[in-house]
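J.: any chance you can model this:
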Amino acid sequence: MRYLEPAELEWAAAAIGRISSAFTARVVGQSRLQETLMIALLTGGHVLLESVPGLAKTTAAQTIAHAVGGTFHRIQCTPDLLPSDIVGTQVYNQQTGAFQTQLGPVHANFVLLDEINRSSAKTQSAMLEAMQERQTSIGDHSYPLPDPFLVLATQNPIEHEGTYPLPEAQMDRFMLKDVLDYPSPAEEAEVLRRIDSGIFTHHSEAVVGIADVKRLQSLVGRVYVDPAIVNYIVGIGYVTRHPNDYIDPDLASYVQFGASPRASIAFTSAARARALIDGRNHVVPDDVKALVHRVLRHRVILGFEAVADDLPVERVIDAMVGGIRTP
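T.: Alright, predicted model coming up:
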């Protein structure tokens, strides 16, 4: 594999810098969300966000989409939402006497699925095909999705009545899961100032193109990952599956299932993207450590006793990561 040249690193830093500037011009704070969305953009992964309403998730997704010149669609998930409402359907044309295919809103570069757990299991399965296969099936035909294709799904941690919990198979398809918190008073005051200035009444201009995004994605694949880092990533996954051998037995008893090998794949891709965002052509252990919560919090499954004891999954993850040696 040919590793990144200094000129390529310089170009990538300039392109990423333009996207980041466009993001910070409209979204106040949320630096980790910015990094999460950038990692997803550079890797083609999907993101699951958990937060209360009103924390700029839609604004963030729209801003990234407009910054790269991509298409953006928002889908509000409800219990009566049908698969055809998302992927599209065939409509009879009386003038021609034939059926015409109308593609649904999932056919966009950036798709925001608001409160995904409010959609039924059948609708979630249709989204699963789109996320994993990068295509939709309408009638007897399959329709490829745009490239790049990124799903940003949200969940509200407060209201669970009338929801359909995501199955583990679909949760595993999300590369990262991030949990957003309220802004600080200074950040909230800045939001009000920007609203008064009218910045949110106009769409931001594209600062890079889709071709630039595809080039960035190809550069991510050439970021060097040392074998010691690979062993570190695999070791973290192994510990999640055998917690009794590495962490306190009381904590280990809460763990029902560990992370699948898809977590190791997500770690490697996300760490490479984070290194490129940081201007490096190689991954360091800190890249992996910075991602452990986002990669594992939806893949390490705890039993109902953890909910009863109010034990956050992040505490278990930290104990797991602390149980192996950092290279």
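J.: run the chain-centre distance for stretch 132-141.
T.: 22 Å (Cα atoms, centre = their mean, to the nearest Å).
J.: let the chain start at 416 from now.
T.: Fine by me, first position is 416 from now on; the one you just mentioned is stretch 547-556.
J.: now the end-to-end length of it.
T.: Start-to-end span of stretch 547-556 (Cα to Cα, to the nearest Å) is 17 Å.
J.: quick check: mean pLDDT across stretch 571-591?
T.: Stretch 571-591 carries an average pLDDT of 75.
J.: stretch 431-441 now?
T.: Mean pLDDT, stretch 431-441: 92.
J.: one more: stretch 596-604?
T.: Averaged across stretch 596-604, pLDDT comes to 87.
J.: chain center to that stretch: distance?
T.: Taking mean C-alpha positions (Cα atoms, centre = their mean), stretch 596-604 and its chain are 23 Å apart.
J.: got a list of contacts for that stretch?
T.: 443, 444, 445, 466, 467, 470, 606 (Cβ atoms under 8 Å, 6 or more residues apart in numbering). Using the backbone N, CA and C atoms, a C-beta is placed for each residue, glycine as well.
J.: in it, which residues are buried?
T.: Under the neighbour-count criterion of 16 or more other Cβ atoms under 10 Å, stretch 596-604 has residue 598 buried.
J.: ditto for stretch 479-493
T.: Buried, per 16+ other Cβ under 10 Å, within stretch 479-493: 479, 480, 481, 482, 483, 484, 485, 487, 488, 490, 492.
J.: ditto for stretch 674-684
T.: Here stretch 674-684 shows 674, 675, 678, 679, 680, 681, 682, 683, 684 as buried, counting by 16+ other Cβ under 10 Å.
J.: what's near enough to touch the fourth one?
T.: For residue 679, the contacting residues are 648, 649, 651, 652, taking Cβ under 8 Å, 6+ apart as the criterion.
J.: list buried residues within those residues.
T.: 648, 651, 652.
J.: now, among those residues, which is nearest to residue 621?
T.: Checking those against residue 621 by Cβ to Cβ gives residue 648 as the nearest, at 34.6 Å.
J.: for the lowest-mean-pLDDT helix or strand in the chain, which outside residues touch it?
T.: Taking mean pLDDT, DSSP states H and E as the measure, the helix or strand of the chain with the lowest value is helix 583-586, at a mean of 77. Outside of helix 583-586, the residues within contact range by Cβ under 8 Å, 6+ apart are 463, 539, 542, 543, 546, 592, 672, 713, 714, 716.
J.: kindly recompute the last result at 7 Å.
T.: Residues outside helix 583-586 that contact it (Cβ atoms under 7 Å, 6 or more residues apart in numbering): 539, 543, 713, 716.
J.: can you give me the buried ones in that helix?
T.: In terms of neighbour count (16+ other Cβ under 10 Å), helix 583-586 has its buried residues at residue 585.
J.: next one: stretch 711-723
T.: By 16+ other Cβ under 10 Å, the buried positions in stretch 711-723 come out as 711, 712, 713, 714, 715, 716, 717, 721.
J.: how far does it stretch from start to finish?
T.: Separation of the first and last residues of stretch 711-723 by Cα to Cα is 21 Å.
J.: need the next SSE after the longest helix seen in the chain, C-terminal direction.
T.: Assignment by DSSP state H gives helix 421-441 as the longest helix of the chain. Sequence order places helix 446-458 as the next helix or strand after helix 421-441, per DSSP states H and E.
J.: just give me how far that following helix sits from the chain centre.
T.: Distance, stretch centre to chain centre, for helix 446-458: 8 Å (Cα atoms, centre = their mean).
J.: returning to what we had before: show me what the longest helix of the chain is packed up against.
T.: Helices and strands touching helix 421-441, by 3 or more Cβ pairs under 7 Å, 6 or more residues apart in numbering; DSSP states H and E, are helix 446-458, helix 472-482, helix 625-635.
J.: mind checking those for the one nearest to residue 695?
T.: Of all those, helix 625-635 sits nearest to residue 695, with 11.7 Å by Cβ to Cβ.
J.: residue ranges in the stretch 516-665 of the chain under the pLDDT threshold?
T.: 573-579, 617-618 (pLDDT under 70).
J.: if we go to 90?
T.: 516-519, 529-558, 569-588, 595-599, 602-603, 605-621, 660-661 (pLDDT under 90).
J.: quick revisit: how about the longest helix of the chain, which residues are buried there?
T.: Within helix 421-441, the residues that count as buried by 16+ other Cβ under 10 Å are 423, 424, 426, 427, 430, 431, 433, 434, 435, 437, 438, 441.
J.: from memory the fifth one sits against residue 623, does it?
T.: Yes - the pair residue 430 and residue 623 passes the contact test of Cβ atoms under 7 Å, sitting 5.3 Å apart.
J.: returning to what we had before: how about the helices and strands packed on helix 421-441 in CSV, adding distance to residue 657?
T.: Below are those laid out as CSV (distance: least, Cβ to Cβ, whole Å):
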stretch, distance to residue 657
helix 446-458, 28
helix 472-482, 36
helix 625-635, 31
